[in-house]
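*Asks:* Here is the input, now give the coordinates:
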Amino acid sequence: MSKLRSVYDLYGPTSLINLERSIAEGKIPTAAELAAVLEANSEKPLPTWFIATVVKSLRGELKRRPGRPKASPLLEIRFALAKARYPLYLAWLQKRQRSSGLEGWSAVRGKHWWDGTPHERAARIVTQRWLRHMNWKAVLNRISS
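*Replies:* Numbers count the residues shown, from 1 in each chain. So this is what the prediction gives:
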């Protein structure tokens, strides 16, 4: 009779199944992750693929690919959303600048994203809402390319 696995067994940070899945997706485990999995599963017989991975890690043969990692699909979706919203924020800020100025109401005057010209402010707003891992200059560069 097979033992039923819990959700934690399948997706927990010390799960062999989860580690195998992440390696299959191309993620290289860190030494700390391997140590945690080894410690949590030391009472059971370990699979050969796991032992080989630990040996490669100890020998320094596990290396991440050089260069920037590929963007995840979620990041691409968030960037597409930000790219679509940027012109709307820019048009609103330009219209506001012509009509009443960009001093703003008291709730936004002290915010860091409310500084600069309309295109800077639009990029800062987009960055604050969807692209927190980037700065506003990088957002403008990527939108314009």
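
*Asks:* For residue 71, which three-state class applies?
*Replies:* coil (DSSP: H, G, I helix; E, B strand; the rest coil).

*Asks:* give me the number of residues near the closest residue to it other than its chain neighbours?
*Replies:* Leaving aside its sequence neighbours, residue 71 sits nearest to residue 79 (C-beta to C-beta, 6 or more residues apart in numbering; 7.8 Å). Placement of C-beta: from N, CA and C, glycine included. When neighbours are counted by other C-beta atoms under 10 Å, residue 79 registers 18.

*Asks:* host element of residue 108?
*Replies:* helix 106-109 (DSSP states H and E).

*Asks:* got the contact list for that helix?
*Replies:* 103, 114 (C-beta atoms under 8 Å, 6 or more residues apart in numbering).

*Asks:* Let me know the average pLDDT across that helix.
*Replies:* For helix 106-109, mean pLDDT rounds to 73.

*Asks:* for the residue positioned nearest the centre of the chain, helix, strand, or coil?
*Replies:* Centroid check for the chain by C-alpha atoms, centre = their mean gives residue 75 as the closest residue, at 6.9 Å. Using three-state DSSP, the structure places residue 75 in helix.

*Asks:* Per the annotation, how does the chain divide into domains?
*Replies:* 7-59, 73-144 (automatic domain parsing).

*Asks:* ends of the shortest one, how far apart?
*Replies:* Across its full length, domain 7-59 reaches 33 Å between end residues, using C-alpha to C-alpha, to the nearest Å.

*Asks:* Kindly report the same for stretch 20-37.
*Replies:* 11 Å.

*Asks:* Now do the buried residues in it.
*Replies:* 29, 33, 34, 36, 37 (16 or more other C-beta atoms under 10 Å).
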